[in-house]
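> make a model of this:
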Amino acid sequence: MNALATPEAVRTPVLRPSHCSEEEWALRCELAECYHLIDYFGWTEGIFNHISARLPGPTHQYLVNPFGLHYTEVTPANLLKVDLEGNKVEPSPYEGNPAGFALHGALHEARDDIRCIIHTHTTPISAVAMKQDGFDYNNFYGAQLFGRVGYHTFEGITLYDDEKPRMVASLGDKHILVLRNHGIAVAEGSIAKAIFLLWTVQRAAEVQCAAAAVPGANTPLPDAVKQKCTEQTTMLIRDSSFADRFFAGLVRKMHAERGPSW
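Numbering: from 1, shown residues only. Sure, this is the predicted structure:
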């Protein structure tokens, strides 16, 4: 169990299925809480969109939401375990969302450092994704994304295997993929890091959209300052439990307002 669970941020149900290891169950609980957090912030799209967490081991299997359930209905037990093609590797009465398998399967297969992928298209993020220049990196949050964003040309709903190598190439060695005219995918080494990165991207998009509505010229930041912000944020996430503490605090606040997630 990682550090974020110690302050009761992730409330593990009493009954863990006998076939499920403690490590997998902890990951399931953390991922289910992540789904509830996305709803808590209002970043959901009904039953659509998807978050995945890769399971330990060499097979690159991952957990993802059952298609048809709202994010508030996701629990550790009903998460699907699928392979890179989206095939269920354990029985479930639910099916997955085909629109998510190409994106998640491609990135989990290509990047061993990626353990969690979150896809959203909130209004501010989708608005920025429509702009030719994308993120401008000139606000406090945007500066932390400088040099970390890849852009992928919209090809329609991501259903087909032939798009996989192009999405992988568009992301490259980065951790943020702007799906042009669509939304965003953030990919990180843990669920906690992914939710922190998504929060930063969301705030950057919100501020950029708000600034565009205010008359007058924006104050641009020098590239050197943007690069410094990126390096500082990267160091903070890499060398401390910052992301875990951030995630745990959000979950505690959500529980205080909503009660247990399941």
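
> where does the prediction get shaky in the stretch 51-200 of the chain?
Of all residues in the stretch 51-200 of the chain, none has pLDDT under 70.

> strands along that one, start to end?
Per DSSP state E, counting those that start in this stretch, the stretch 51-200 of the chain carries strands over the ranges 62-64, 80-82, 116-120, 149-152, 176-179, 183-188.

> take those strands and lay them out in JSON lines including distance to His50.
To be clear about C-beta, it is placed using only N, CA and C from the backbone, and glycine gets the same treatment. Compiled in JSON lines, the strands of the stretch 51-200 of the chain are given as follows (distance: least, Cβ to Cβ, whole Å):
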{"stretch": "strand 62-64", "distance to His50": "6"}
{"stretch": "strand 80-82", "distance to His50": "10"}
{"stretch": "strand 116-120", "distance to His50": "6"}
{"stretch": "strand 149-152", "distance to His50": "16"}
{"stretch": "strand 176-179", "distance to His50": "13"}
{"stretch": "strand 183-188", "distance to His50": "9"}
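
> how about CSV for those, with mean neighbour count and distance to Glu45 added?
Formatted as CSV, the strands of the stretch 51-200 of the chain follow (neighbours: other Cβ atoms under 10 Å; distance: least, Cβ to Cβ, whole Å):
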stretch, mean neighbour count, distance to Glu45
strand 62-64, 24, 15
strand 80-82, 20, 18
strand 116-120, 25, 8
strand 149-152, 20, 19
strand 176-179, 23, 13
strand 183-188, 24, 9
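
> figure out which of the ones you listed is closest to Tyr40.
Each of these has some distance to Tyr40 by Cβ to Cβ; the shortest is strand 116-120, at 13.1 Å.

> which residues are in contact with the closest one?
31, 34, 38, 43, 45, 49-54, 100, 103-104, 107-108, 183-191, 193-195, 198, 202 (Cβ atoms under 8 Å, 6 or more residues apart in numbering).

> hmm, 6 Å instead?
43, 49-53, 104, 107, 183-188, 191, 194, 198 (Cβ atoms under 6 Å, 6 or more residues apart in numbering).

> now stretch 77-90, how far from the chain's geometric center?
Mean C-alpha position of stretch 77-90 versus that of the full chain (Cα atoms, centre = their mean, to the nearest Å) differs by 18 Å.

> now it: buried residues?
Buried residues in stretch 77-90, counting neighbours by 16 or more other Cβ atoms under 10 Å, are found at 77-84, 86.

> let me know the closest of those to Val214.
Once Cβ to Cβ is applied, the member of these that ends up nearest Val214 is Leu79, at 42.3 Å.

> that closest one contacts Tyr62, correct?
No. The criterion here is Cβ atoms under 6 Å, and Leu79 misses it with Tyr62 at 9.7 Å.

> what's around Glu163, how many residues?
The tally of other residues near Glu163 (other Cβ atoms under 10 Å) stands at 19.

> and Arg203, that's in a helix?
Yes. Counting by DSSP: H, G, I helix; E, B strand; the rest coil, Arg203 is located in a helix.

> correct me, but it touches Gly142?
No. In this structure, Arg203 is not within contact of Gly142 by Cβ under 6 Å, at 8.6 Å.

> so these two - more neighbours on which side?
Gly142 (24 against 16).

> return the distance of the more buried one relative to Lys193.
As defined by Cβ to Cβ, to the nearest Å, Gly142 lies at a distance of 19 Å from Lys193.

> now do Pro165
Relative to Lys193, and taking Cβ to Cβ, Pro165 is found at 25 Å.

> more crowded one of those two?
The neighbour comparison of Pro165 against Lys193 (other Cβ under 10 Å) goes to Lys193, with 22 against 11.

> quick one: the more buried one and Ala243 touch, right?
Yes. If you go by Cβ under 6 Å, Lys193 and Ala243 touch, sitting 4.5 Å apart.

> ok, now which ones touch the residue nearest to Thr44 when sequence neighbours are not counted?
Spatially, and ignoring its direct neighbours in sequence, Thr44 is nearest to Tyr71 (5.1 Å; Cβ to Cβ, 6 or more residues apart in numbering). By Cβ under 6 Å, 6+ apart, Tyr71 lies in contact with 35, 38-39, 44.
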